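Undergrad: let me see the structure of the following:
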Amino acid sequence: MSARLPAWAAGVFLVALAARLAFLFLADQPLLYAHQYTYFTNALRIAEHPEPLRYVLTSDEWRTWDQHWTIAPLYHLFAAAIFRLFGPHLLWLRLLQCVLDSLAAGAVGALARQVAGPRGWWAGLVYGLYWPAVEMPTWTMTENLHTVLLVTGVAVLAREAERPPSRNAFAGGILLGLSALARSVSALFIGLSVLWRLFRGGWRRSARSALLLAAGGAAVVLPWTARNVFVIGEPVLIETAAFENLWYANNFVDRERFRRQEQTVHGQPTPAAKRAAALHFALRGIKRHPGRFLEKVGINFRHFFRPEGLHNLLRIERSLEAWRHAGSVVLDDLVLVAVLPLFAVFLFGGRRSAAWALMLLWTAYYLLMVVVVFHNEIRYRSAFVPFAFAGAAGGWALLGQRASRRSWLVWLGLALGLSLSASMVVPFFGPAWRAFTAARTGRAARAAVIQGDLSKAEGLAAAAAAHNPRSPRPWMEHGKSLAFAGNAGAALDAYDRGAALATLANWRAVVARPRLLLEAGRLEEAAAAGRAVDRLSWDTDPWLILEIAWRELPAPRTDAIVLGQGDYGAVRGFLHPRGDPALSAHRLEWNRYERLGGPLPPPGTHRWSRRRAWLRLVPLQAAAAYDVTLEMGSPFPSPLTSPVVRVRALGSSWDFTLDREVKPYFFRVPATGGRALLVQIDSPTWNGAGEPAEQGVRVERFAVAPAH
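TA: Numbers count the residues shown, from 1 in each chain. Next up, the predicted model:
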């Protein structure tokens, strides 16, 4: 190989890196959900430990999932090393993950060139702009290591099988071994690759390459297995979570019976007994319910190929920014729909090269694992789409060749691929048309609300709902228009109509109701609804809930906001609504709830900010200027004793040095002209194991008063 980086590779890498960096800095998205926090928190535990090497070698605490199962180690170690080297912040980890996934884009291009010729590099460019791959580096998930290791390993092995030297088989084995330590699903693929290499080509060279491939994988995986067996006393290859996943995917019992199974499994005295019990319940589920097993396979298959952007837009109707919906539909759904027929052409009609064989082998094996044996999540496509894109380049090249177009296998692959793509998108044609016609009428309803003709607006909203009768969106949009117009009672009625049609993941009405109930004078209902949103915030993610509320509700008309108390629509860029337990128990509050499913904390008295946070209100009294009060500080558990916070409002800024005590800070702003006063807080951030990621400062109250 040339030491000089080819122009196509540099171009693919730079485009992919630019896309990922743009998302990282412009979206400014925090960690979301329990999985990301599992890896983040455990990596911090390693980095914070006074003897990290001994801790990693002699304990499994740092890689335990759900208190009973262990998960693959490599990503924990990777993230912990970054935290140890550069400090406990997410930025350096995310930057490196952007670089790694941009390298994965280059590996996709290299693999595509092996099957499609020099022009196949465009597959790497497509991967570089693929929406889920652009977003993934901001997450703390194993895919950020697994994808680049897996794709590069396959590319190296495919090249080695076509061209010597065979020592590249050893390098490929190392890469696959590392990918198995990142996600154990790759472990069995090492053995399959060895068997494939053994029977490809001349016996002497094939045997040597197969042996080197096996040695490379073993050199990485077996030392970890030896650690498990001889140090921990657990005879497992990499992890035990596969047993839990197998049981979860194949128990086929109702919720109450599953809880009893869970008590049985978790009550076993040893990890080996837990694994045996989980395996028993999984096999028993398949044996007793073969029909449900086949049904699961069908559901998994449809779920794996589901157009996620269209699903969120037209079925769940999630409240996301328009640019997120557009990115997901255009750069995920449409790309996948276009790629799958080309990939099928390649699988059926492609030249039986080493790259073709390895990509077919991985695709068949991986789909067997995530569709038939286990279950899948949309993010699991990260180990499929790189090969689909590379194969699609090969399929496109085949369709451009006159000789290939005479092959019935090419046309069979194209027909099957088009059928799969059609089955993915055709079910959305009807919902899309109904949503379009309802939106057109809904725009007229919003115009009527702005004009003050509520009777006409109600009729138009009902007509919009009639165009899309199963959708909550027409009523939700009407409720939002009424809320911004200040008609709380009518807005509540519209949201309630929409809520009756909404899925569990559509939170618009839940988030809007507390404010509207308060404005309507229904105080007891408002308090209960506020606690329901607090619960949702802890159960899902506070950033998501606050972002929805910021879009769904206008700035409140008030002179004071207590953070954590019905502040939805008034604050953005903050974390959980915290109660006020003893400060010494503050860290335990997050641990108990997030890790052990503890009770909802007491009613809120404060929130911790992120790096950037915003507050807004419309003052009740008109004045030439306002004195603004922000009550904030940096108490325990923050390690920052004197953070400098910059506050911005109406084109001016003020710097305040905070301390451990939460106390008021004052500044003056000019008149707002009846508009909302928007205040931005910029603060340094900190991290600690057992705490939400990248917290800034604690803010308790935001208030204004006419200046004297």
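
Undergrad: so, low pLDDT: which residues of this structure?
TA: Low-confidence segments of the chain (pLDDT under 70): 1-3, 580-602.

Undergrad: what are the buried residues along the helix ranked longest in it?
TA: Longest helix in the chain, counting residues (DSSP state H): helix 90-116. Across helix 90-116, burial judged by 16 or more other CB atoms under 10 Å covers 90, 93-116. For the C-beta atoms, the positions are set from N, CA and C on the backbone; glycine is no exception.

Undergrad: what does whichever helix or strand residue 434 is part of contact?
TA: Residue 434 is located in helix 429-451, with elements delineated by DSSP states H and E. With CB atoms under 8 Å, 6 or more residues apart in numbering as the contact definition, helix 429-451 has outside contacts at 310, 313-315, 454, 456-457, 460-461, 463-465, 467-468, 471, 473-474, 477-478, 481-482, 485, 487.

Undergrad: 7 Å - rerun?
TA: Contacts with helix 429-451, where a contact means CB atoms under 7 Å, 6 or more residues apart in numbering, come from 314-315, 456-457, 460-461, 463-464, 467-468, 471, 473-474, 477-478, 481-482, 485.

Undergrad: among those, name the buried ones.
TA: Applying 16+ other CB under 10 Å to the contacts of helix 429-451 flags 314-315, 457, 460-461, 463-464, 467-468, 471, 473-474, 477-478, 481-482, 485 as buried.

Undergrad: those in helices, which ones?
TA: 457, 460, 461, 463, 464, 467, 473, 474, 477, 478, 481, 482.

Undergrad: in those, find the pair that's most separated.
TA: 467 and 482 (19.3 Å; CB to CB).

Undergrad: quick one on the thing from earlier: for the ones in helices among the buried ones among the contacts of helix 429-451, which one is nearest residue 229?
TA: residue 473 (55.7 Å).

Undergrad: which residues touch that closest one?
TA: 317, 435, 438.

Undergrad: same thing with residue 662?
TA: 631, 632, 633, 635, 698, 700.

Undergrad: please name the nearest non-neighbouring residue to it.
TA: residue 633 (3.5 Å; CB to CB, 6 or more residues apart in numbering).

Undergrad: could you give the backbone dihedrals for the one you found?
TA: phi -170, psi -170 (degrees, to the nearest 10).

Undergrad: then the one 4 residues further on?
TA: Backbone dihedrals for residue 637, given as degrees, to the nearest 10, come out at phi -100, psi 10.

Undergrad: which is the next helix or strand following the longest helix of the chain?
TA: With elements assigned by DSSP H and E, the helix or strand that comes after helix 90-116 is helix 122-129.

Undergrad: just the angle between that next one and helix 90-116, please?
TA: Here helix 122-129 points in a direction 160 degrees away from that of helix 90-116 (axes from the mean of the first three to the mean of the last three CA atoms, to 10 degrees).

Undergrad: report the distance from helix 122-129 to the chain centre.
TA: 21 Å (CA atoms, centre = their mean, to the nearest Å).

Undergrad: now stretch 249-269
TA: Centroid separation between stretch 249-269 and its chain, computed with CA atoms, centre = their mean, is 27 Å.

Undergrad: give me the neighbour count for the closest residue to residue 354 other than its chain neighbours.
TA: Distances taken as CB to CB, 6+ apart place residue 161 nearest to residue 354, at 3.4 Å, with adjacent residues excluded. Residue 161 has 25 neighbours, counted by other CB atoms under 10 Å.

Undergrad: summarise which helices and strands the lengthiest strand in the chain is packed against.
TA: Longest strand in the chain, counting residues (DSSP state E): strand 607-617. If you count contacts as 3 or more CB pairs under 7 Å, 6 or more residues apart in numbering; DSSP states H and E, strand 607-617 packs onto strand 571-574, strand 677-682, strand 698-706.

Undergrad: tell me which of the ones you listed lies nearest to residue 48.
TA: Residue 48 sits nearest to strand 698-706 of all the helices and strands packed on strand 607-617, at 21.5 Å, using CB to CB.

Undergrad: each with direction, which strands does the closest one pair with?
TA: strand 560-562 (antiparallel), strand 607-617 (antiparallel), strand 625-633 (antiparallel) (DSSP bridges).

Undergrad: check which residues of the first one are buried.
TA: Along strand 560-562, these residues count as buried under the neighbour rule (16+ other CB under 10 Å): 561, 562.

Undergrad: looking at the strands paired with strand 698-706, which is buried most?
TA: Mean neighbour count (mean count of other CB atoms under 10 Å) peaks for strand 607-617 among these, with a mean of 22.

Undergrad: that one to strand 677-682, inter-axis angle?
TA: Using the same axes, to 10 degrees: strand 607-617 against strand 677-682 is 150 degrees.

Undergrad: can you give me the helices for the stretch 201-350 of the chain?
TA: 203-226, 241-250, 255-266, 271-288, 290-304, 308-310, 322-328, 334-349 (DSSP state H, counting those that start in this stretch).

Undergrad: show me the contact partners of the longest strand of the chain.
TA: Outside of strand 607-617, the residues within contact range by CB under 7 Å, 6+ apart are 28, 30, 555-556, 558, 561, 563-564, 570-578, 676-683, 685, 694-699, 702, 704.

Undergrad: let's see 6 Å
TA: Outside strand 607-617, the residues that touch it by CB atoms under 6 Å, 6 or more residues apart in numbering are 555-556, 558, 563-564, 571-575, 676-683, 685, 694-699, 702.

Undergrad: redo the helices of the stretch 201-350 of the chain as TSV? Include mean neighbour count.
TA: Shown next, in TSV, are the helices of the stretch 201-350 of the chain (neighbours: other CB atoms under 10 Å):
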stretch	mean neighbour count
helix 203-226	18
helix 241-250	21
helix 255-266	13
helix 271-288	17
helix 290-304	14
helix 308-310	22
helix 322-328	15
helix 334-349	23
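
Undergrad: turn the ones you listed into a markdown table, including distance to residue 363.
TA: Below are the helices of the stretch 201-350 of the chain laid out as a markdown table (distance: least, CB to CB, whole Å):
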| stretch | distance to residue 363 |
| --- | --- |
| helix 203-226 | 19 |
| helix 241-250 | 20 |
| helix 255-266 | 32 |
| helix 271-288 | 24 |
| helix 290-304 | 12 |
| helix 308-310 | 20 |
| helix 322-328 | 24 |
| helix 334-349 | 7 |
